[in-house]
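> here is my input, please return the structure:
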Amino acid sequence: MRKKLLAILIAGAVFFAVGLYGKSQSPQVQRVGMVIGLKPDQISAYEALHAASNAGVRDLLEKYHMHNFSIYMHRLDNRQYYLFGYYEYTGTDYNADMAKLAAEPRNQKWLSVTGPMQVPLPGEQSWATMKEVYHNP
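I've put the predicted structure just below:
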């Protein structure tokens, strides 16, 4: 009887510990960096579209597990402006979520406004995804 009770207690403790461990783990974060050019005559309009007062498609980014989305702008020595975008994806099916986001009518409208302001890099149709070289967790 004692052995049986001990086995039940150990099994319960293991089950409890595994349950706690599984719940404490955060989802795997996929970091994404992107780059694209920006037409110089569109800088003010682009910044206005992304102003804090314009909700844009922020709720859709959240819906499809895209967090910490940031866009930076920099003018390089070639006198052209470039945007660097960064976000963290926390979902479980990146391709499916990106397909759903692409199908959202409001996102399509957003891209129809921002797309003509941008200049894709040679060989690209839109933002070019960058290779992550280093990350300091």
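
> quick one: buried residues of stretch 50-68?
57, 60-61, 64-66 (16 or more other CB atoms under 10 Å). For every residue, glycine as well, the C-beta is placed using N, CA and C.

> farthest pair within those residues?
Pairwise distances across the buried residues of stretch 50-68 (CB to CB) peak at 13.9 Å, for the pair V57 and H65.

> still on that earlier bit, helices - which of the buried residues of stretch 50-68 land there?
Counting by DSSP state H, the part of the buried residues of stretch 50-68 found in helices is 60-61.

> tell me what the nearest residue to P40 once chain neighbours are set aside is bridged to.
Of all residues not flanking P40 in the chain, Y81 sits nearest, at 5.8 Å (CB to CB, 6 or more residues apart in numbering). Beta-bridge partners recorded for Y81 (DSSP bridges): L38, R75.

> ok, Y81 to E47 distance?
11 Å (CB to CB, to the nearest Å).

> more neighbours: these two, which one.
Using other CB atoms under 10 Å as the criterion, Y81 and E47 rank with Y81 on top: 19 against 12.

> which other helices and strands does the strand or helix carrying E47 contact?
Element membership for E47 (DSSP states H and E) is helix 43-49. The elements that helix 43-49 packs onto, with contact taken as 3 or more CB pairs under 8 Å, 6 or more residues apart in numbering; DSSP states H and E, are helix 105-114.
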